[in-house]
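In: dropping the sequence and predicted coords here.
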Amino acid sequence: MKVYLLLMLVAAAVTYLSVPIVRHVALVSNALTPVRARDVHTTPIPRLGGVAMFLGFATAVTVASRVPYLSNVIDRSAWAVVLGAGLVCLLGIVDDLWELDWMTKFVGQILAAGIMAWQGVQLITFPVWGLTIGSSRLSLFSTILVVLTVINAVNWMDGLDGLAAGVIGIGAVAFFAYVYALTRWTSPESYTSLAATIVAALIGICAGFLPHNFHPATIFMGDSGSMQLGLISAAGTIIVTGQIDPGSFGGTAAIPVFLPILLPLMVLLLPVADMIRLIVRRTMSGHSPFHADRMHMHHRLLAAGHSHRRAVLVMYMWAAVAAFSCASLAFLRVRVVAVIAAVAVIAAVAVTVDLMPGLRLTWARRIGARHVRRAGRK
């Protein structure tokens, strides 16, 4: 555990210290986020924060390769993730500077995901019913599809200060706890894991970037950061899925065999659910799925009366409830988790509603109108 904490610290420190330098470069190069109708910021903010995040991630993986404890797990797949992260970061830099159209960005994402998959990060097996992808082409296609989904889900979620970094960081902590525990149970002779290493670095870059990005933000991560977070999140999921058999250990903790698939979905529940909802809504309205609007989940929270910070904190809370409730299945019985999750959801709903002045005002007006109607009847 100490080694993983060291990697988190290295990634966080490099990212945090790199942000002021990157911010200066963004100001000099005029890489500023314009104020558009759908945006919530009122002044142009420097972007390219993803460059600092990539420096933190690449440094952490390089340090891991030099640590004897982890040197045996830093293989071709690890550098494939670094390469993929670097490619989407570069794509995001170009987009942040010159505003690429959505088709060009999509092709660039496919290229980055395809190269990462070609270098060894591929979906091969699923832990459910022992399913195996028998075709190399199907494996490549499935991997690219998963990576593209996560990249765009995280990219679309990045609409408020600190939202993407915080939600992904919270989910990464829950996922790391599961991967580390599963590695200890299945390989008691060695707690090393490539997935744990990648996710530890992901936690670090989120933690290092968040102090600069939380409201009021002094820098945005831009597409170079949001797409990078999505790719690294997807890579960690792909690496652990099918490579560790959850049914291979015993003990009192009953881990469902589908947890390696369920947990990543719960970690990314908010961005993926928001993306699916928007695609359906835009398509049914006759617009392109990539048509920009102010109907994202975080925009709805703002419209309901939340302040900028409260909306972000509410999203953090729901991300934690979903991710940690699912991750706790690795340590607790399903019935116990169900009770805890139910209590957490009820508490989250209560907090969310209590922090929504607009909703409270609407309810108050409705209740008042009912009293008036009843009084009139009497």
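Out: Received, thanks.
In: out of the helices and strands in this structure, which is least certain?
Out: Least confident element among the helices and strands of the chain, by mean pLDDT, DSSP states H and E: helix 357-377 (a mean of 49).
In: once you drop chain neighbours, what's closest to the residue most central in space within the chain?
Out: Relative to the mean C-alpha position of the chain, the nearest C-alpha, by Cα atoms, centre = their mean, is the one of residue 168, at 3.2 Å. In this structure, residue 168 finds its nearest non-sequential neighbour in residue 229, 4.9 Å apart by Cβ to Cβ, 6 or more residues apart in numbering. Every C-beta, even on glycine, is put in place using the N, C-alpha and C of the backbone.
In: so which elements touch the strand or helix carrying that neighbour?
Out: Secondary structure here is read from DSSP states H and E; on that basis residue 229 sits in helix 222-240. Contact here means 3 or more Cβ pairs under 8 Å, 6 or more residues apart in numbering; DSSP states H and E; on that basis helix 222-240 packs against helix 49-66, helix 76-98, helix 102-118, helix 136-157, helix 163-186, helix 194-213, helix 259-267.
In: and if we set it to 6 Å?
Out: Other elements packing on helix 222-240 under the criterion 3 or more Cβ pairs under 6 Å, 6 or more residues apart in numbering; DSSP states H and E are helix 49-66, helix 76-98, helix 136-157, helix 163-186, helix 194-213.
In: looking at these, which is closest to residue 269?
Out: Nearest to residue 269, of all the helices and strands packed on helix 222-240, is helix 163-186, at 8.5 Å by Cβ to Cβ.
In: then residue 160 would be within a helix, right?
Out: No: read with DSSP: H, G, I helix; E, B strand; the rest coil, residue 160 is coil and lies in no helix.
In: could I get the average pLDDT for the helix holding residue 229?
Out: Across helix 222-240, the average pLDDT comes to 91.
In: residue contacts, the nearest residue to residue 142 once chain neighbours are set aside?
Out: Ranked by Cβ to Cβ, 6+ apart and with sequence neighbours excluded, the top spatial neighbour of residue 142 is residue 123, at 4.8 Å. By Cβ atoms under 6 Å, 6 or more residues apart in numbering, the contact list for residue 123 reads 139, 142, 143, 238.
In: quick check: the gap between residue 123 and residue 209.
Out: Distance check for residue 123 against residue 209: by Cβ to Cβ, to the nearest Å, it reads 28 Å.
In: swap in residue 311?
Out: Noted for residue 311: a distance of 19 Å to residue 209, by Cβ to Cβ.
In: quick one: stretch 46-66 to chain centroid distance?
Out: Distance of stretch 46-66 from its chain centroid, counting by Cα atoms, centre = their mean, to the nearest Å, is 17 Å.
In: in it, what's buried?
Out: 46-61, 63-64 (16 or more other Cβ atoms under 10 Å).
In: how many neighbouring residues does residue 336 have?
Out: Neighbour count for residue 336, taken as other Cβ atoms under 10 Å: 12.
In: next: residue 279.
Out: Neighbour count for residue 279, taken as other Cβ under 10 Å: 15.
In: likewise residue 5?
Out: By other Cβ under 10 Å, the residues close to residue 5 number 12.
In: state the distance from it to residue 136.
Out: Taking Cβ to Cβ, one finds residue 5 at 37 Å from residue 136.
In: what sits against residue 178?
Out: Contacts were defined as Cβ under 6 Å, 6+ apart; by that measure residue 178 touches 263, 327, 330.
In: what stretches of the stretch 251-378 of the chain score poorly on pLDDT?
Out: Low-confidence segments of the stretch 251-378 of the chain (pLDDT under 70): 251-261, 267, 270-271, 274-275, 278, 282, 287-308, 354-378.
In: the same query, at a cut-off of 50, please.
Out: Along the stretch 251-378 of the chain, the parts satisfying pLDDT under 50 run over 251-254, 358-364, 366-367, 369, 371-372.
In: after the longest helix anywhere in the chain, next one along is what?
Out: The longest helix of the chain (DSSP state H) is helix 2-28. The element immediately downstream of helix 2-28 (helix or strand, assigned by DSSP H and E) is strand 32-33.
In: so residue 234 versus residue 25, what's the distance?
Out: The span separating residue 234 from residue 25 equals 28 Å under the rule Cβ to Cβ.
In: which one's more surrounded, these two?
Out: The residue with more neighbours, out of residue 234 and residue 25, is residue 234; 28 against 13, by other Cβ under 10 Å.
In: show the pLDDT at the closest residue to that one other than its chain neighbours.
Out: Using Cβ to Cβ, 6+ apart and skipping residues adjacent in sequence, the residue nearest residue 234 is residue 150, 4.0 Å away. At residue 150, the model reports a pLDDT of 89.
In: now for residue 18, how many residues are close by?
Out: Counted with other Cβ under 10 Å, the neighbours of residue 18 add up to 22.
In: got a list of what it touches?
Out: Residues touching residue 18, when contacts are defined by Cβ under 6 Å, 6+ apart, comprise 52, 55.
In: one more pass at 8 Å, please.
Out: Remark: with contacts taken as Cβ atoms under 8 Å, 6 or more residues apart in numbering, residue 18 is in contact with 51, 52, 55, 56.
In: quick one: pLDDT of the spatially closest residue to the last one that is not a sequence neighbour?
Out: Sequence neighbours aside, residue 15 is the residue nearest to residue 56 in space, at 3.3 Å (criterion: Cβ to Cβ, 6+ apart). Per-residue pLDDT puts residue 15 at 97.
In: and the gap between residue 15 and residue 204?
Out: For residue 15, the distance to residue 204 - Cβ to Cβ - is 7 Å.
In: show me whatever sits in contact with both of the two.
Out: Shared contacts of residue 15 and residue 204, counting by Cβ under 8 Å, 6+ apart, come down to 56, 57.
In: how about residue 121, phi and psi?
Out: phi -90, psi 90 (degrees, to the nearest 10).
In: and residue 45, by the same measure?
Out: With angles defined as degrees, to the nearest 10, residue 45 sits at phi -120, psi 140.
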